[in-house]
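> only geometry, no sequence info:
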Ligand SMILES: NC(=O)c1ccc[n+]([C@@H]2O[C@H](COP(=O)([O-])OP(=O)(O)OC[C@H]3O[C@@H](n4cnc5c(N)ncnc54)[C@H](OP(=O)(O)O)[C@@H]3O)[C@@H](O)[C@H]2O)c1
């Protein structure tokens, strides 16, 4: 079977990759259209060797579409995803608009793909780009010893702010490297070249950033266990693509380093790198362009016999967004949910 697809936000950082990932994964496309804002209407985008004209987003564009892959700001998704769903499509949405809606599954196929059988509103939410690889790494460990609490510090790349983040960062790095005055930040909240920023997101009333609160709430929802404690610190670092995470995981039942390594080595979606064997360890430059979640540095927490420490790295635009969304689309077809 093949599917009528619409890619919404096709001109953005995530939308651009969705076009590539659909081709790489040989997604069975019957027809495809590309939508963005009025500003991009008439531009062309390439898909599978052909050029397509970008259409402005509007209700009529969704007639006959079976799967919508949407990567727009939340406000746009809040308006248009229900319209697309009403027209009969299943929307897989990359924004944060629907993630905590109890009627919208929040899906990482390797962790909770079964949730795709519970789509009440016609919308599947694609999780945050920190929560996705975190849950891919946690799932095999949760199955071993049931996760009680995690403490996570992130090292997030500039491209997490989309195409405008990378433009901002590239301009700063060029000037900084040339010893010229660095232009004032436009997308990031402070200079990122030669710096790290822990307030690159809106501060919420609880003192955590919006990003940190997403990591807390989405991790519990994806893992299907609201009792898991999550304490995050999210930090933007001067890296173009791929987010890294230093994670300490406390378990209800003790998990040995050896058992954790063995489980991670065979976990779906994980590339496990054992630095004790060959000195190799996960880095953003390995993860960029890969659909996998790289895990390494697994070690016993010296302060807690029931906890392990690990290092997780994943391409935020791929597994953290585009790839996960396309995997959800593939699962909808494989499970016969979209026919
Ligand atoms: N970047 C990441 O690592 C990442 C990871 C996970 C999730 N996300 C989420 O995915 C979404 C897209 O992120 P991004 O990084 O791809 O952002 P981006 O590079 O800024 O792209 C945004 C896309 O949305 C379109 N858009 C903006 N306003 C619109 C409107 N009024 N009507 C229709 N289309 C509109 C843009 O079209 P124009 O070009 O025409 O303006 C563009 O195609 C966001 O919700 C983001 O939070 C991003």
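Now that the structure is in, tell me what you want to look at. Keep in mind that this is a model prediction, so the values were computed, not measured.
> could you pull out the helices for the stretch 1-150 of the chain?
For the stretch 1-150 of the chain, the helices defined by DSSP state H, counting those that start in this stretch occupy 13-24, 74-86, 109-112, 131-145.
> who wins for proximity to residue 49 among the ones you listed?
Among the helices of the stretch 1-150 of the chain, the nearest to residue 49 by Cβ to Cβ is helix 13-24 (8.6 Å). Where you see a C-beta, it was placed from the backbone N, CA and C, and this is true even at glycine.
> is the ligand contacted by the closest one?
Yes: against the ligand, helix 13-24 shows contacts by Cβ under 6 Å from any ligand atom at 13, 14, 15.
> can you report how many residues neighbour the second one?
Read that as residue 14. Number of residues near residue 14 (other Cβ atoms under 10 Å) recorded here: 28.
> just give the nearest non-adjacent residue to it, would you?
Leaving aside its chain neighbours, residue 14 sits nearest to residue 71 (3.8 Å; criterion: Cβ to Cβ, 6 or more residues apart in numbering).
> right, is stretch 145-158 up against the ligand?
No: against the ligand, stretch 145-158 shows no contacts by Cβ under 6 Å from any ligand atom, the least distance being 7.7 Å.
> tell me the buried residues in that stretch?
Of the residues in stretch 145-158, 145, 147, 148, 149, 150, 151, 152, 154, 155, 156, 157, 158 count as buried by neighbour count, 16 or more other Cβ atoms under 10 Å.
> now intersect those residues with the strands, please.
Judged by DSSP state E, the buried residues of stretch 145-158 include 147, 148, 149, 150, 151, 152, 154, 155 as members of strands.
> from those residues, pick the one nearest residue 219.
residue 150 (7.4 Å).
> pull the contacting residues for the closest one.
Neighbouring residues of residue 150 by Cβ atoms under 8 Å, 6 or more residues apart in numbering: 134, 138, 219, 228, 229, 230, 231, 247, 248, 249, 250.
> and if we set it to 6 Å?
230, 247, 249 (Cβ atoms under 6 Å, 6 or more residues apart in numbering).
> ok, now residue 188?
Contacts of residue 188 by Cβ under 6 Å, 6+ apart are 168, 200.
> cool, the one 10 residues further on as well?
Contact partners of residue 198, counting by Cβ under 6 Å, 6+ apart, are residue 235.
> SS state for the residue in the stretch 151-300 of the chain positioned nearest to the ligand?
Using Cβ to the nearest ligand atom, the closest approach of the stretch 151-300 of the chain to the ligand is made by residue 162 at 2.8 Å. With DSSP: H, G, I helix; E, B strand; the rest coil as the basis, residue 162 sits in helix.
> that one touches residue 13, doesn't it?
Yes: using Cβ atoms under 6 Å, residue 162 makes contact with residue 13 at a distance of 4.7 Å.
> for the residue of the chain found nearest the ligand, grab the count of nearby residues.
Nearest to the ligand in the chain, going by Cβ to the nearest ligand atom, is residue 12, at a distance of 2.0 Å. Neighbour count for residue 12, taken as other Cβ under 10 Å: 22.
> quick check: pLDDT value at it.
At residue 12, the pLDDT value in this model is 95.
> same deal with residue 48?
What the model reports for residue 48 is a pLDDT of 96.
> correct me if wrong: it contacts residue 25.
No: contact criterion Cβ under 6 Å: residue 48 and residue 25 do not qualify, at 11.9 Å.
> shared neighbours, those two?
Counting by Cβ under 6 Å, 6+ apart, nothing touches both residue 48 and residue 25.
> could you work out the most separated pair of the ones in strands among the buried residues of stretch 145-158?
Among those, the pair separated by the greatest distance (Cβ to Cβ) is 148 and 155, at 24.3 Å.
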